[in-house]
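Trainee: Got a predicted model here, sequence first, then my questions.
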Number of protein chains: 2
Amino acid sequence: MSVIAVTGIGLLATQDPELGELRDAAVLAVDGRVTWVGPSDALPEGAGEERVDAHGRCVVPGFVDSHTHLVFAGDRAEEFAARLVGLPYAAGGIRTTVEATRAATAGALEAGARRLAAEALASGTTTMEVKSGYGLTVADERRLLEIAGRLPATVATFLGAHVVPDEYTDRPDDYVDLVSGPMLDACAPLAAWCDVFCEDGAFDVAQSRAVLDAGAARGLGLRVHANQLAHGPGVALAAELGAASADHCTHVTDADAAALADAGVVATLLPAAEFSTRSPYAPARRLLDAGVTVALATDCNPGTSYTTSLPFVIALACREYRLTPAEALRAATAGGAAALRMGDAGRLSPGARADLVVLDAPGYTHLAYRPGVPLVDAVVRGGRVVYSRRATPDRRGDQGAP
Amino acid sequence: MSVIAVTGIGLLATQDPELGELRDAAVLAVDGRVTWVGPSDALPEGAGEERVDAHGRCVVPGFVDSHTHLVFAGDRAEEFAARLVGLPYAAGGIRTTVEATRAATAGALEAGARRLAAEALASGTTTMEVKSGYGLTVADERRLLEIAGRLPATVATFLGAHVVPDEYTDRPDDYVDLVSGPMLDACAPLAAWCDVFCEDGAFDVAQSRAVLDAGAARGLGLRVHANQLAHGPGVALAAELGAASADHCTHVTDADAAALADAGVVATLLPAAEFSTRSPYAPARRLLDAGVTVALATDCNPGTSYTTSLPFVIALACREYRLTPAEALRAATAGGAAALRMGDAGRLSPGARADLVVLDAPGYTHLAYRPGVPLVDAVVRGGRVVYSRRATPDRRGDQGAP
């Protein structure tokens, strides 16, 4: 039996609707699950083989990053730089990464993904959704999902319908047939979710529906890249099919918002992609006001959002979406968990995964108040301390010669 | 004699107009000064008691943060949160920090400043300007400058004219007399620069001129907080008096830009303050097009910009100011040095300080391309490795239990 107690928590933002926020709190976990949350001085006697003292700082649930494209090769820094001087983003840039990814060894792909996963962990992310989508052949898509499955604490999504690969440019429906048939047969056993990029330049609504129907028939849950580059049918399709999440939602109408709310579809917003492509920001307040559950995710990918940092995303959401720090934190924890339909993540209450972040700050407002500053002091995942910077040079300052 | 060689540099962005950018380069430094820069395979034989291998990554000069308010007590997270839901920023918030700072011990103030300085170092800043301005009595301003003087690699600025303290609200000119007389007498020996917040709610143009004239008479260089909250006379005053820098420049006209260019005044832009106060962004391109030298700085302070990260500032400048990564890097290195009139900082060429950053990236574009991600792998200052994250847990990922 493995027991851990996190004590001395100045502010505990549980994200549990009944528990709310606690001061001077402690969390107890056994075998990777939270068993008790309460006042620090009421911690059961003798509890905790391992102790983490938060020293009065703020503890939040581990971030749930519900939208990443973590497995790829190459980078697109030149395309990014060209966009800065005026070139618009087009979905076709994905093909650059497809080419590099197909050419890379599995070892190189896995090493790259592990490095990004470690970077995400150091910024507080304890659960990540990871999509395929840079292979676009049966073998390559399967290879990406195998790698995703070997990463710790990830949920895999099949995104064969990311873009039509070059070899199918003249016959895109044949590619849709491939994705909906043999590719899904090979990939569905390795994934929990089926996703599609429903957008001009990627897949139209009929093609998207075909892929999603095929995914659902194989038992996969559904998610949709929707309404990123312009208003389109993606959000409505997600609502119609009962997808768990419609992602991006940069261009949505009031009718879209109502449809998401009615269907219980989470709107997963990706402000770092809007930052990096210099696009408008999604109407987050309008979605919240319509009763939609909002998640915040990084969209980590080498084309449009090459960040693993949910603290950065939270800061952007406060500035650009006009979310309060409490709303942004909720979206990056409980919201992400809702987008992945994980009832036991994104909150700190009995029964939940013992995934939490000790911030180097008295409150979570600092995630927005201190933009760009690494504020994660320690990360517990599954009841184990998996990251700590207590011994790193930034605390020693000039004494820190290696 | 202390010798260090940094080798295996994939891309060296020297910021020296003649050297430009070099590939496969090395840097040699003796006793804290660069003595040689050139192709890695031409490194003088036997050179380098200490070696740092950049492993093909990008090396840039250490960032020069030419505008910070690093010495203070308390935080203003609640004011920040209130602003997020609609309260505008007003200069008066400074008084909250003045109250907390006066009440703090010198030890607590120095510990806080050292912690922020270490945080800045870990994000690549090797030179920092540090202002007083949260004391606003002769003794308290002097105390802040004494602390600034004990921080490593800082340049101190006297900012007694930050805001009129409560006790002088009814007789602001008496406060100006205090600042221009006894306070400057006490503080000038501890500072290199004299600054003033020339803005509605702080000091008008006549008061600002009185303070700056008095500072210049005591041999201090001049800098001006100008045109932050609205268009005003601050920029024109900076140009008229030959200040080294006009800082903020959020609201400037073409005539202001021309005046700065004609007078050789650096425009120090502070996009993180504009981010955190949700204000408009300064017209950086217009300033550059008018021939003004632009610096980028953090404005680190607890009210309007509580960040120490110049990489975050660079990312914002690319997104919001439409600077190219090369322009933004230049502004955060050579630009900052120009704003402080330091001819030997912000560049890597013979004679310069051996202050450099090894980025965990193949190029400096990644500073904008990977927003929110800590990309600093190692920092050399004065020819010594003063920060390295090579041994920290984020590289070990899940194996990194402490």
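Mentor: Yep, it's here.
Trainee: how much space between residue A:241 and residue A:170?
Mentor: Distance check for residue A:241 against residue A:170: by Cβ to Cβ, to the nearest Å, it reads 29 Å. Just so you know, the C-beta spots here come from the backbone N, C-alpha and C atoms, and that holds for glycine as well.
Trainee: Tell me which of the two has more neighbours.
Mentor: residue A:241 (17 against 8; other Cβ atoms under 10 Å in any protein chain shown).
Trainee: ok, the more buried one touching residue A:222?
Mentor: Yes: using Cβ atoms under 8 Å, residue A:241 is in contact with residue A:222, at 5.6 Å.
Trainee: Surely residue A:36 is in a strand?
Mentor: Yes: assigned with DSSP: H, G, I helix; E, B strand; the rest coil, residue A:36 falls within a strand.
Trainee: Could you find the closest non-adjacent residue to it?
Mentor: residue A:28 (4.1 Å; Cβ to Cβ, 6 or more residues apart in numbering or on different chains).
Trainee: For that neighbour, grab the count of nearby residues.
Mentor: Neighbours around residue A:28, by other Cβ under 10 Å: 21.
Trainee: where's the residue in the stretch 201-350 of chain A that chain B sits nearest to, which helix or strand?
Mentor: Nearest to chain B, among the residues of the stretch 201-350 of chain A, is residue A:312, at 2.5 Å (Cβ to the nearest Cβ). In this structure, residue A:312 sits in helix A:310-320 according to DSSP states H and E.
Trainee: That helix to helix B:310-320, inter-axis angle?
Mentor: 50 degrees (axes from the mean of the first three to the mean of the last three Cα atoms, to 10 degrees).
Trainee: Over helix A:310-320, what's the mean pLDDT, rounded is fine.
Mentor: Mean per-residue pLDDT for helix A:310-320: 98.
Trainee: list the helices and strands it packs on?
Mentor: Under the contact definition 3 or more Cβ pairs under 8 Å, 6 or more residues apart in numbering or on different chains; DSSP states H and E, helix A:310-320 sits against helix A:271-276, strand A:294-296, helix A:325-330, helix A:366-369.
Trainee: Packing partners of the last one?
Mentor: Using 3+ Cβ pairs under 8 Å, 6+ apart as the contact criterion, the secondary-structure elements in contact with helix A:366-369 are helix A:310-320, helix A:325-330, helix B:77-84.
Trainee: Deepest-packed of those, please.
Mentor: helix A:310-320 (a mean of 27; mean count of other Cβ atoms under 10 Å in any protein chain shown).
Trainee: Can I get it as PDB, trimmed to CA atoms?
Mentor: This file holds the C-alpha atoms of helix A:310-320, laid out as PDB (Å, rounded to 0.1, in the frame of the first residue of the first chain):
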ATOM      1  CA  LEU A 310      -1.200  25.100 -19.800                       C
ATOM      2  CA  PRO A 311      -0.100  27.900 -17.400                       C
ATOM      3  CA  PHE A 312       0.600  30.000 -20.600                       C
ATOM      4  CA  VAL A 313      -2.800  29.000 -22.000                       C
ATOM      5  CA  ILE A 314      -4.500  30.000 -18.700                       C
ATOM      6  CA  ALA A 315      -2.800  33.400 -18.800                       C
ATOM      7  CA  LEU A 316      -3.900  33.900 -22.400                       C
ATOM      8  CA  ALA A 317      -7.500  32.800 -21.600                       C
ATOM      9  CA  CYS A 318      -7.600  35.400 -18.800                       C
ATOM     10  CA  ARG A 319      -6.300  38.200 -21.000                       C
ATOM     11  CA  GLU A 320      -8.000  37.400 -24.300                       C
END
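Trainee: chain center to that helix: distance?
Mentor: Taking Cα atoms, centre = their mean, to the nearest Å, the mean C-alpha location of helix A:310-320 is offset from the chain mean by 14 Å.
Trainee: Repeat that for stretch A:207-221.
Mentor: Centroid separation for stretch A:207-221 versus its chain: 21 Å, with Cα atoms, centre = their mean.
Trainee: likewise stretch A:66-75?
Mentor: For stretch A:66-75, the distance to the chain centre is 11 Å (Cα atoms, centre = their mean).
Trainee: ok, now stretch A:139-159?
Mentor: Remark: stretch A:139-159 is offset 15 Å from the chain centroid, using Cα atoms, centre = their mean.
Trainee: Output the lowest mean pLDDT helix or strand found in chain A.
Mentor: The weakest-scoring helix or strand in chain A, judged by mean pLDDT, DSSP states H and E, is helix A:77-84 (a mean of 90).
Trainee: what's the following helix or strand past that one packed up against?
Mentor: Along the chain past helix A:77-84, the next helix or strand (assigned with DSSP H and E) turns out to be helix A:94-103. The helices and strands touching helix A:94-103, judged by 3+ Cβ pairs under 8 Å, 6+ apart, are helix A:138-150.
Trainee: Buried residues, the helix it packs on. List them.
Mentor: Neighbour counts over helix A:138-150 (16 or more other Cβ atoms under 10 Å in any protein chain shown) mark A:138, A:140-148 as buried.
Trainee: Check residue A:213 and give its pLDDT.
Mentor: Looking at residue A:213, the pLDDT reads 98.
Trainee: Can you get me a residue count around it?
Mentor: By other Cβ under 10 Å, neighbour count at residue A:213 equals 13.
Trainee: doesn't residue A:19 make contact with residue A:13?
Mentor: No: using Cβ under 8 Å as the test, residue A:13 is too far from residue A:19 to be in contact (9.6 Å).
Trainee: Which of the two has more residues huddled nearby?
Mentor: residue A:13 (26 against 17).
Trainee: ok, now which ones touch the more buried one?
Mentor: Residues near residue A:13 by Cβ atoms under 8 Å, 6 or more residues apart in numbering or on different chains: A:21, A:58-61, A:326, A:329, A:364.
Trainee: Show me the two of those residues that sit farthest apart.
Mentor: Across the contacts of residue A:13, the two members that end up farthest from each other (Cβ to Cβ) are A:59 and A:326, 14.8 Å apart.
Trainee: follow-up on the earlier one: which non-adjacent residue is nearest the residue of the stretch 201-350 of chain A closest to chain B?
Mentor: Nearest non-adjacent residue to residue A:312, counting by Cβ to Cβ, 6+ apart: residue B:372, 2.5 Å away.
Trainee: what does the model give the one you found for pLDDT?
Mentor: 98.
Trainee: Neighbours of it, how many?
Mentor: 28.
Trainee: among the helices and strands packed on helix A:310-320, which is nearest residue B:158?
Mentor: helix A:366-369 (27.3 Å).
Trainee: what bridges to the spatially most central residue of chain A?
Mentor: Geometric centre of chain A, nearest residue: residue A:65, 2.0 Å, by Cα atoms, centre = their mean. Note on residue A:65: beta-bridge partners by DSSP bridges are residue A:128.
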